[in-house]
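Enquirer: Fold the following, please.
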Amino acid sequence: MMISYTDPICYGFRGTMALKANSADGRTRSSIQIFIVVGLCCFFYILGAWQRSGFGKADNLAMEITKSTGDCNIIPNLNFETHHGGDVGSISDSESKPKEIKPCDPRFTDYTPCQDQRRAMTFPRDNMIYRERHCPPEEQKLHCLIPAPKGYVTPFPWPKSRDYVPYANAPYKSLTVEKAIQNWVQYEGNVFRFPGGGTQFPQGADKYIDQLASVVPIANGTVRTALDTGCGVASWGAYLWSRNVIAMSFAPRDSHEAQVQFALERGVPAVIGVLGTVKMPYPSRAFDMAHCSRCLIPWGANDGMYLKEVDRVLRPGGYWILSGPPINWKVNYRAWQRPKEELQEEQRKIEEVAKLLCWDKKYEKGEMAIWQKRANADSCSSRQNDAFCKSPDADDVWYKKMEDCITPYPDVTSSDEVAGGQLKAFPDRLYAVPPRIASGSIPGVSVEAYQEDNNSWKKHVKAYKKINRLIDSGRYRNIMDMNAGLGGFAAALQSPKLWVMNVVPTIAEKNTLGVIYERGLIGIYHDWCEAFSTYPRTYDLIHANGVFSLYKDKCNEEDILLEMDRILRPEGAVIFRDEVDVLIKVKKIAGGMRWDTKMVDHEDGPLVPEKILVAVKQYWVAGDNSTSTQ
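Expert: Prediction:
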């Protein structure tokens, strides 16, 4: 779609620019500034127009966004001219020409590098090892752009996306056949419809959540973060959203093809993952609630190692819900078509491990059971010391083997104290001082530093919203912060229209992911020298604050940008915040990636060496000059 300077939105600025250019030989700083303002203005006008090129053929939301951005109301106190010695304009033509990165072959449209099916089958099947992360070595990495499938369209806005996903975006019908009687997903014309059913909630996810909410304090904000193991298409997490609970859902990449892809297309937080031999990439005491609805995890196996791992990430006082086999096996074994002796032994093992973990069973009815983790170790004095993990850091989990041991509670001073600190109900939790900071557990982060960080991110996000009006419009649902720090970016964005995957890099100076969860946000550990555990085209907006400075000399910048391109939707946006010299390199590489970019000064003015680079991924699909030999 071509937009010329004769379009009304840009025409007025063009005239003003010409008047300025005619004065002082057309070389005044003000003329340059206006030229850049024009470019940025039209850039986001084109962005709005692009929304109509994907699902925008019937996307009234995008049309409204385009109208709302028509006044080009750019931040008045920002100078959009970059003031530094190494300006892009000073690079010679031969040096500045970017290397063109070719599209990958169309067979890679759903490529997940670290969960590639062909590579997975070369690993042992014991304890689900073959379904864990196995990333390609450097010489096997794809150095090309992952194409969208033909017909790819912009997803529906939330909450419509909860119930409908365009068929072209995830064209896999196997679940509609395998789960037909369980009401997971139905194929209707050119869309999939998700009725909210599931194997364990035939009456719908809302009714199922009502049942557990009779025991678990969901309504008052006490329970905010949840973990859904073996999530299927994540209907549990999708329906928890309206109750102000955010669920981190995961499932392996398996024979059903696209469970996690469906979840993310619906606008529900999810990653590809499995309980196997490696610890989950979450900090200790992260979740208020953990859930398994017929997730097929052998909870009693390996001396209850998987339950012990759930205990590690479950907050003191948190809840674990199990529905399906073997709960209430005496009544249900015939319907499950399994020997009652086998089910009896399975439940016996689960109850035994739950007792060892000091979980109290609060509820068992039908096919659902709910346990609660005790608030501190003082209420569980019967455990032997040799049952506890010896590792000094329960949050050191990246590629670390799961242990057959119990994670100790933090110390308390009284029997009624919640180990690790009492959390406020959400939303007060979002800006309350997190217990990990109040206790001094994060070296170098004081209460004052935390509050200053919050104020800074409120200011940054306010500036972002003026640069890109789509941020708060509902156009961006799935958002990622690649270097989340204390979660200030996500907190400042907090809205029912969106969610943020807060990534704390494994090489970050401070491990802050526990703080992020204490704020009622979600996130994950990750090393950006490797691919993220998600399908292509699963994020609408990516925020990269200091990422390339952090990974300088650690891995190839192009590889990180190619991974960002893989997980970013067509017409999705990226906001880079970094030192200007770093951003110049990023901008040059991005120039060969079918991205459109604009450099913007820091909101505090041109003298601040930190700059902002805004990028938009062009809309293109497989077959659009796809000539890669990969």
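Enquirer: Tell me where the stretch 251-400 of the chain has strands.
Expert: 270-272, 287-293, 314-323, 359-365, 368-373 (DSSP state E, counting those that start in this stretch).
Enquirer: Show me how far the last one is from its chain's centre.
Expert: Put plainly, it is strand 368-373. 27 Å (CA atoms, centre = their mean, to the nearest Å).
Enquirer: and what of the longest one?
Expert: Centroid displacement of strand 314-323 relative to its chain, using CA atoms, centre = their mean, is 22 Å.
Enquirer: and that strand, average pLDDT?
Expert: Average pLDDT, strand 314-323: 97.
Enquirer: Pull it out as CSV, backbone CA atoms only.
Expert: Taking C-alpha atoms only, strand 314-323 is exported to CSV below (Å, rounded to 0.1, in the frame of the first residue of the first chain):
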residue,chain,number,x,y,z
LEU,A,314,4.0,-21.9,44.4
ARG,A,315,3.7,-19.0,46.9
PRO,A,316,3.3,-19.9,50.6
GLY,A,317,-0.5,-20.0,51.1
GLY,A,318,-1.0,-20.7,47.4
TYR,A,319,-3.3,-23.4,45.9
TRP,A,320,-2.8,-26.4,43.7
ILE,A,321,-5.8,-27.7,41.7
LEU,A,322,-5.9,-31.1,40.1
SER,A,323,-8.9,-32.2,38.1
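Enquirer: which residues touch that strand?
Expert: Strand 314-323 is contacted by residues 200, 208, 212, 215-216, 223, 285-294, 299, 310, 350, 354, 359, 362, 367-376, 409, 418-420, 423 when judged by CB atoms under 8 Å, 6 or more residues apart in numbering. All C-beta spots, glycine's among them, are computed from the backbone N, C-alpha and C.
Enquirer: Near residue 462, how many other residues are there?
Expert: When neighbours are defined as other CB atoms under 10 Å, residue 462 has 12 of them.
Enquirer: Which of the contacts of strand 314-323 are buried, as a ChimeraX select command?
Expert: Buried residues within the contacts of strand 314-323, by 16 or more other CB atoms under 10 Å, are selected in ChimeraX with:
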select :200,208,212,216,223,285,286,287,288,289,290,291,292,293,294,299,310,350,354,359,367,368,369,370,371,372,373,374,375,376,409,418,419,420,423
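Enquirer: Is the spatially closest residue to residue 363 that is not a sequence neighbour bridged to anything, and to what?
Expert: The shortest distance from residue 363 to any non-neighbouring residue, by CB to CB, 6 or more residues apart in numbering, is to residue 370 (4.1 Å). As for beta bridges, residue 370 partners with residue 321, residue 363 under DSSP bridges.
Enquirer: list the contacts for residue 370?
Expert: 212, 215-216, 319-322, 361-364.
Enquirer: rerun at 7 Å
Expert: 212, 215-216, 319, 321, 362-363 (CB atoms under 7 Å, 6 or more residues apart in numbering).
Enquirer: try residue 537
Expert: Contacts of residue 537 (CB under 7 Å, 6+ apart): 148, 569-570.
Enquirer: what are the phi and psi angles of the residue nearest to the spatial centre of the chain?
Expert: Nearest to the centroid of the C-alpha atoms of the chain, with distances taken as CA atoms, centre = their mean, sits residue 501, at 3.0 Å. Per-residue torsions, residue 501: phi -90, psi 110 (degrees, to the nearest 10).
Enquirer: how far away is it from residue 285?
Expert: Plainly put, residue 501 is 19 Å away from residue 285 if you go by CB to CB, to the nearest Å.
Enquirer: what packs against the longest strand belonging to the chain?
Expert: In terms of residue count, the longest strand belonging to the chain (DSSP state E) is strand 568-579. Packing partners of strand 568-579 (3 or more CB pairs under 7 Å, 6 or more residues apart in numbering; DSSP states H and E): strand 539-545, helix 547-550, strand 610-617.
Enquirer: Now do the phi/psi pair for the nearest residue to residue 288 once chain neighbours are set aside.
Expert: When the adjacent residues along the chain are set aside, residue 288 lies closest to residue 223, with 4.2 Å between them (CB to CB, 6+ apart). Residue 223 adopts backbone torsions of phi -100, psi 120, taken as degrees, to the nearest 10.
Enquirer: per-residue confidence at residue 223?
Expert: Looking at residue 223, the pLDDT reads 98.
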